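Novice: Generate a structure from the sequence data that follows.
(2 chains)
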Amino acid sequence: MKLIIAIIKPFKLDEVRDALNSIGVHGMTVTEVKGYGRQKGHTEIYRGAEYAVNFLPKVRVEIAVAANLVDKTIEAIGNAAKTGQIGDGKIFVTKLDHALRIRTGETDADAL
Amino acid sequence: MTTTAIRRMAGSAAMLAFFIAPFSATSALAQAAAPKIDAADTAWMITATALVLMMTLPGLALFYSGMVRKKHVLATMAQSLGAAALVTVLWAAVGYSLAFHGDGAALGTLGRAFLNGIGIDSVHPLAKTIPESLFMLYQMTFAIITVALVGGSVADRMRFSAFMWFSALWLLIVYVPLAHWVWGGGFLGAAGVQDFAGGLVVHLNAGIAGLVACLVLGARRGYGSENLAPYDLSMAVIGTGLLWVGWFGFNGGSALGAGPRAVMAITSTHLAACAGALTWMALEWFARGKPSVLGMISGAVAGLGTITPASGFVMPMHGIIIGVVAGVVCYFACTWLKQKLRYDDSLDVFGVHGVGGLTGTLLLGVFATAAISASPDTPGISGLIEGNTRQIVLQLYGIGVTLLWSGIGTFVVLKLIQFFLPLRVTVDQEQQGLDITQHGESMHT
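Specialist: Model (predicted):
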């Protein structure tokens, strides 16, 4: 089991969700976040006053998947979220030790 | 036809009065000599009064509060609200009388204090076809917006109590005399200085006061280092729309009647607003790569403020030229001049209204066309384009007096208040926001 965390452009969320649905990933947690990487924010100008905006709005998608789905999931997110422009985001993968569905008490892969 | 019928009926009623009540013949005679209230003029001026009040509430309140940070939104609106309420009461008490009653060179008299003597049929010599109470109300809305305008320069840091004291004292010490000098029969108007709807009295006056006030108070905390970006420019756009439409009453109403001069003023006003918006947009597009919404509304307001003194004197197409000039000079005042001189005029009251009012007052001396302002009693005002060089000298005289009076007067008023209470909130309060520290409220939690 792995936990996949993808930081993507907000307007790409629907495409990512559809792509994941089509490969059989049916659950995810989404958070609106701010941050920066190579894109490094932008400058806003108000009547000549310049302000550097360092943190840009992004969407953070968390998906827990069974081991056999990890590569397909990463590929699906990567394809759907890509625009080719700077600021497309990143995908992180971490180990997931345990999972439990609260309603039924099912654990690990059965709980996903 | 209806009007004639009504007139005829009124005539027979007057004759009836003669026959029925011979003892009241003197009063009937006085009535016949009384100036005639015109229904159309009165209807338009009621509308114009409402339009100008709408410029402050909610126009200016929205325009200003959309440009501050979220924690200062309510406090910025409170300045417009507080000024409107306080100025109204003071105007009725003494302001109107000192500004518009009596034609002394320096100041009016207290003959109309507490609206004493304004009856159902009294009129003001400047507007003989509308009730005096309406003239008083109309002029009041100008006093309100001028005081409220100054608040933009000190937004985000002035104590509300200090602002209320400032509103009262500045109205009586600075605004009322200047309004009398230019409009109420004082020495500037008598000398021939022209200001149709408030380039000197409203815009240059408020702009200079704002500049002096922001210098006395000092810059906002974090000015030049922190992000002070506007909270919600969409509110400022709505505010601009209300100001813009309200300005039809501001400039059109300054004709003090429903006639062609009012329509000419409104036409040049709207053209100047559009030309100003386009000019600022083009400059920013060229200089910064993007035409900002804040730039477009700033250009519109710059065009409106600049045409204000000249509307009612110039041809409509001059409005476009004046609007373009307004866009250029106000753009450079707000971007280049402000950074060069390093003052923190939070919402650019000086850059837009001060510089615009000054420019428009001067351009009146250039583009004034006698046919627009001519009446049966007066020949009308000619400017440089009609070969009259004297008007521009007179306009410079008016500008000089306004600069000195407003600059020194504002400084004195602020120092007077500072003697009794601090003008500024504490650093801690400024950081927490004026909404919660001055008013105990926040926009939404």
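
Novice: Just the strands from chain A, written as ranges.
Specialist: Per DSSP state E, chain A carries strands over the ranges A:2-8, A:29-35, A:42-46, A:49-53, A:56-65, A:89-95.

Novice: Check which helices and strands the second one sits against.
Specialist: In other words, strand A:29-35. strand A:56-65 (3 or more CB pairs under 8 Å, 6 or more residues apart in numbering or on different chains; DSSP states H and E). For glycine as for every other residue, the C-beta is placed from the backbone atoms N, C-alpha and C.

Novice: For the strands of chain A, could you give me a markdown table that also reports mean neighbour count?
Specialist: Formatted as a markdown table, the strands of chain A follow (neighbours: other CB atoms under 10 Å in any protein chain shown):
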| stretch | mean neighbour count |
| --- | --- |
| strand A:2-8 | 20 |
| strand A:29-35 | 12 |
| strand A:42-46 | 15 |
| strand A:49-53 | 13 |
| strand A:56-65 | 19 |
| strand A:89-95 | 14 |
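
Novice: got those as CSV, with mean pLDDT columns?
Specialist: CSV is the format used below for those (pLDDT from 0 to 100):
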stretch, mean pLDDT
strand A:2-8, 96
strand A:29-35, 95
strand A:42-46, 87
strand A:49-53, 86
strand A:56-65, 94
strand A:89-95, 96
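
Novice: Now distance to residue B:322 too, for those, in a markdown table please.
Specialist: Formatted as a markdown table, the strands of chain A follow (distance: least, CB to CB, whole Å):
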| stretch | distance to residue B:322 |
| --- | --- |
| strand A:2-8 | 50 |
| strand A:29-35 | 44 |
| strand A:42-46 | 25 |
| strand A:49-53 | 27 |
| strand A:56-65 | 41 |
| strand A:89-95 | 50 |
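
Novice: quick one, which of those strands is nearest to residue B:311?
Specialist: strand A:42-46 (29.0 Å; CB to CB).

Novice: about what we covered before: so which of the strands of chain A is nearest residue B:158?
Specialist: Closest to residue B:158 of the strands of chain A, according to CB to CB: strand A:49-53, at 19.6 Å.

Novice: The strands of chain A: which one's closest to residue A:81?
Specialist: Between the strands of chain A, strand A:2-8 lies closest to residue A:81; by CB to CB that is 4.3 Å.

Novice: what's the spacing between that closest one and its chain's center?
Specialist: Chain-centre distance of strand A:2-8: 5 Å, with CA atoms, centre = their mean, to the nearest Å.

Novice: Could you give the number of residues near the residue of chain A found nearest chain B?
Specialist: Residue of chain A nearest chain B, by CB to the nearest CB: residue A:48 (3.1 Å). Residues contacting residue A:48 under the criterion other CB atoms under 10 Å in any protein chain shown number 20.

Novice: which ones are touching the residue in the stretch 301-445 of chain B positioned nearest to chain A?
Specialist: At 3.1 Å from chain A, residue B:335 is the closest residue in the stretch 301-445 of chain B, using CB to the nearest CB. By CB atoms under 8 Å, 6 or more residues apart in numbering or on different chains, the contact set of residue B:335 is A:47, A:48.

Novice: again with residue B:230
Specialist: Residue B:230 makes contacts with A:46, B:66, B:67, B:68, B:69, B:236, B:294, as judged by CB under 8 Å, 6+ apart.

Novice: likewise residue B:348?
Specialist: A:47, B:152, B:298, B:333, B:334, B:338.

Novice: count of residues packed around the first one?
Specialist: Other residues within reach of residue A:47, judged by other CB under 10 Å, total 22.

Novice: From what I see, it and residue B:295 are in contact.
Specialist: Yes. Residue A:47 lies in contact with residue B:295 (CB atoms under 8 Å); the separation is 7.1 Å.

Novice: Get me the contact residues on chain B for chain A.
Specialist: B:67, B:227-230, B:288, B:290, B:292, B:294-295, B:298, B:334-336, B:338-339, B:348, B:351 (CB under 8 Å from any CB of the partner chain).

Novice: Which ones among those lie within helices?
Specialist: B:288, B:294, B:295, B:298, B:338, B:339 (DSSP state H).

Novice: tell me the contacts of the first one?
Specialist: The one in question is residue B:288. residue A:45.

Novice: swap in the fifth one?
Specialist: Contacts of residue B:338 were listed using CB under 8 Å, 6+ apart, and they are A:48, B:345, B:348, B:351.

Novice: again, but for residue B:132
Specialist: Residue B:132 touches B:118, B:122, B:123, B:124, counting by CB under 8 Å, 6+ apart.

Novice: Okay, it and residue B:231: tell me how far apart.
Specialist: Separation of residue B:132 from residue B:231 (CB to CB, to the nearest Å): 43 Å.

Novice: How about residue B:332?
Specialist: 26 Å.

Novice: Run through the residues of chain A sitting next to chain B.
Specialist: Selection of chain A residues close to chain B by CB under 8 Å from any CB yields A:44, A:45, A:46, A:47, A:48, A:49, A:51, A:52, A:53.

Novice: got a markdown table for those, with distance to residue B:406 too?
Specialist: Shown next, in a markdown table, are these (distance: CB to CB, whole Å):
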| residue | distance to residue B:406 |
| --- | --- |
| A:44 | 33 |
| A:45 | 30 |
| A:46 | 27 |
| A:47 | 23 |
| A:48 | 25 |
| A:49 | 25 |
| A:51 | 32 |
| A:52 | 37 |
| A:53 | 38 |
